[in-house]
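Asker: prediction below, plus the sequence it came from.
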Amino acid sequence: MSSVQPCGVSDDDRRPPINDLLEIAQRGLALKPKRLPSWLFYDERGSALFDAICEQPEYYLTRCEIALMDVHAASIADTLGSDVRLVEYGSGNARKTHMLLEHLHAPVAYVPVEISPEPLRQSVERLAEAFPQLPLQPLCADFSKPLRLPIPPRAPRRTVVYFPGSTIGNFENRGAAALLRKMRNEMGDAGGILIGVDLKKDPAVIEAAYNDRAGVTAEFTLNMLARLNREIGSNFELSAFAHRAHYNPMAGRIETHIVSRREQQVKVGRVNVAFRADEVIQVEYSCKYSLEDFAALAARAGLAVLRVWTDPEQMFSVQYLVRASTVTR
């Protein structure tokens, strides 16, 4: 029987009380330019839409990372070593994690950290069935905040923070370095970070991934407004807004905006928010890196890149980081 810690929604949960969400929305929409935090995407509907995005033919990221894991999961497991506690940030459906767990040597525990309780519950159920001997310790929490990790069932040789996908790219450089420093603290002296990093490539390929022909990404983006309507009683008319994502080559990132199709006013609590025609709300960045870019970012966080694995087409990478002080020159 698998050891599964019950998933009670902790104080760290990223679903703030309604008054807090109202304040977050009002504050972000008062900025110039307007901004809303990207975690607003991931209510239950948003999480399901993101899974659908990953199935779109233009969305190379998931396909390339799975191809990479298919070829290199055993090598990655050998690099991590035995008796690892695996802590995954933003675990979602844990498909890539399943591939890694198949090869890990005597893992101590798997700690999925996920903001959406229902996807977390479902993935834990699937993994409990696939790995009945593996202790599972799910944590419903915001991984960007300090985490209270559960006590492992036995002492691990090392804690490895697993951050697949390309979520590190959703943080600007300063925020990405701060998150890597937080991971470094949580992994301890002997630990490591196994992280997915999307690589720079033809901008047309990148842009297509965030503007799929089926319109799933557009629906995902606008779901943020539907969530505000539902949870704080706003009156965004979704048809009056559009999704826009373009690649900024100077910054090396996709910039995603919600665009007002016309001049309009939206009620957010007791505040009326005015929009000009074509005015945007900035909702997400997705940074792309060269191997040199990412090594420099890791160094800012006191980390060094020990190993890099790429998919056969070299579109995507998984990198293993350790404390810079542990790497012999």
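Answerer: Structure's in. What do you need?
Asker: touching, Gln137 and Val113? I think so.
Answerer: No - contact between Gln137 and Val113 fails when scored by Cβ atoms under 8 Å: they sit 9.8 Å apart. Every residue, glycine included, has its C-beta placed from N, CA and C.
Asker: quick check: neighbours shared by the two?
Answerer: Between them, Gln137 and Val113 share no contacting residue under Cβ atoms under 8 Å, 6 or more residues apart in numbering.
Asker: and the residue sitting furthest away from the middle of the chain, how far is that from Ala274?
Answerer: Outermost residue of the chain with respect to the C-alpha centroid, by Cα atoms, centre = their mean, is Glu263; its distance is 33.2 Å. As judged by Cβ to Cβ, to the nearest Å, Glu263 and Ala274 stand 8 Å apart.
Asker: could you do Arg300 as well?
Answerer: Arg300 is 39 Å from Ala274, by Cβ to Cβ.
Asker: looking at these two, which is more packed in?
Answerer: Between Arg300 and Ala274, counted using other Cβ atoms under 10 Å, Arg300 has the larger neighbour count: 14 against 11.
Asker: need the pLDDT of the more buried one.
Answerer: Predicted confidence (pLDDT) at Arg300: the value is 97.
Asker: wait, it sits on Ala177?
Answerer: Yes - using Cβ under 8 Å, Arg300 is in contact with Ala177, at 4.4 Å.
Asker: on that earlier part again, look at the nearest residue to the residue farthest from the centre of the chain once chain neighbours are set aside and give its secondary structure.
Answerer: Leaving aside its sequence neighbours, Glu263 sits nearest to Ala277 (Cβ to Cβ, 6 or more residues apart in numbering; 5.0 Å). Classification of Ala277 using DSSP: H, G, I helix; E, B strand; the rest coil returns coil.
Asker: how about the strands of the stretch 101-250 of the chain, start to end?
Answerer: 109-114, 139-140, 158-163, 192-198, 241-248 (DSSP state E, counting those that start in this stretch).
Asker: nearest to Leu61 among the ones you listed would be which one?
Answerer: strand 192-198 (6.0 Å; Cβ to Cβ).
Asker: which other helices and strands contact the closest one?
Answerer: helix 60-80, strand 158-163, helix 173-187, strand 316-323 (3 or more Cβ pairs under 8 Å, 6 or more residues apart in numbering; DSSP states H and E).
Asker: parallel or antiparallel, which strands does it pair with?
Answerer: Its sheet considered, strand 192-198 pairs with strand 158-163 (parallel), strand 316-323 (antiparallel) by DSSP bridges.
Asker: just the CA trace of that strand, in CSV.
Answerer: Provided in CSV are the C-alpha atoms of strand 192-198 (Å, rounded to 0.1, in the frame of the first residue of the first chain):
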residue,chain,number,x,y,z
GLY,A,192,20.1,19.5,-6.5
ILE,A,193,17.6,21.1,-8.9
LEU,A,194,16.4,19.3,-12.0
ILE,A,195,14.8,21.9,-14.2
GLY,A,196,13.3,22.2,-17.6
VAL,A,197,14.6,25.1,-19.7
ASP,A,198,13.2,26.1,-23.1
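Asker: please renumber so the chain begins at 20
Answerer: Yes, from this point I'll number from 20; that puts the last item at strand 211-217.
Asker: how about low-confidence regions in the stretch 70-219 of the chain?
Answerer: Filtered on pLDDT under 70, the stretch 70-219 of the chain yields the residue ranges 111-112.
Asker: same thing but 80
Answerer: Filtered on pLDDT under 80, the stretch 70-219 of the chain yields the residue ranges 110-114, 134-135.
Asker: and the host helix or strand of Ile277, what does it pack against?
Answerer: Assigned by DSSP states H and E, Ile277 falls within strand 272-279. Other elements packing on strand 272-279 under the criterion 3+ Cβ pairs under 8 Å, 6+ apart are helix 235-251, strand 260-267, strand 299-306.
Asker: of the ones you listed, which approaches Thr98 most closely?
Answerer: It is, among the helices and strands packed on strand 272-279 and with distance given as Cβ to Cβ, strand 299-306, at 25.0 Å.
Asker: sheet partners, orientation included, of the closest one?
Answerer: Checking strand 299-306 against DSSP bridges gives partners strand 53-54 (parallel), strand 272-279 (antiparallel).
Asker: give the next helix or strand downstream of the first one.
Answerer: Of the helices and strands lying after strand 53-54 in sequence (DSSP H and E), the nearest is helix 63-72.
Asker: what comes into contact with that following helix?
Answerer: 59-61, 78, 111-112, 135, 137-138, 231, 235-236, 238-239, 242-243, 245-246.
Asker: in that helix, what counts as buried?
Answerer: 65-66, 68-69, 72 (16 or more other Cβ atoms under 10 Å).
Asker: from those, pick the one nearest Gly288.
Answerer: Out of these, the member with the shortest distance to Gly288 (by Cβ to Cβ) is Gly65, at 21.5 Å.
Asker: pick the most deeply packed of the strands paired with strand 211-217.
Answerer: Comparing the strands paired with strand 211-217 by mean neighbour count (mean count of other Cβ atoms under 10 Å), strand 177-182 ranks first with a mean of 25.
Asker: what's the angle between that strand and helix 79-99?
Answerer: If you take axes from the mean of the first three to the mean of the last three Cα atoms, to 10 degrees, strand 177-182 sits at 170 degrees to helix 79-99.
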